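Student: curious how this folds, go ahead:
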Amino acid sequence: MAEDEAQAARNANRNLNVKAAAPLADPVLTEVARFAEERARAYFKYQDDPLSNIGTVVGSDIYLKKPEPVPGWTGRFRVEGTAYRQYINNQASGFGRGGKEFEILI
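Tutor: Residues are numbered from 1 along each chain as shown. Below you'll find the model as predicted:
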């Protein structure tokens, strides 16, 4: 009986020492985030504000939040983020910079 109790105590101790592995990232969410970043970089470099005085974007950073599923739309995701740009200003003959929040539905 003492041996059974010792065995049970050892098994319980082993279970306490085992750490659960962190869940792996969902490959769909990883792909959605990659796609959103690619699209955001292209949009804010070439398409945003076509009639503005932005000549050339010389530097940009995109910061994205984690993709989240859109309630009621199976397979649709929302990605929010902020785009920061440094650009050459055509009218002021100098540099400008700014940031803009955005949301992408994929």
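Student: going forward, measure contacts and count neighbours with C-alpha atoms only.
Tutor: Fine.
Student: where does pLDDT dip in the protein?
Tutor: Scanning the chain for pLDDT under 70 picks out 13-25, 49-55, 92.
Student: one more time with 50, if that's ok
Tutor: In the predicted model of the chain, no residue satisfies pLDDT under 50.
Student: which parts of it are strands?
Tutor: Assigned by DSSP state E, the strands in the chain fall at 54-64, 68-69, 77-89, 94-105.
Student: and of those, who's closest to residue 12?
Tutor: strand 68-69 (38.4 Å; CA to CA).
Student: and the strands of the chain as TSV, adding distance to residue 43 and mean neighbour count?
Tutor: Shown next, in TSV, are these (distance: least, CA to CA, whole Å; neighbours: other CA atoms under 10 Å):
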stretch	distance to residue 43	mean neighbour count
strand 54-64	11	15
strand 68-69	21	15
strand 77-89	10	18
strand 94-105	11	13
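Student: okay if I get those strands as a markdown table plus distance to residue 6?
Tutor: As requested, those are exported to a markdown table (distance: least, CA to CA, whole Å):
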| stretch | distance to residue 6 |
| --- | --- |
| strand 54-64 | 52 |
| strand 68-69 | 48 |
| strand 77-89 | 52 |
| strand 94-105 | 58 |
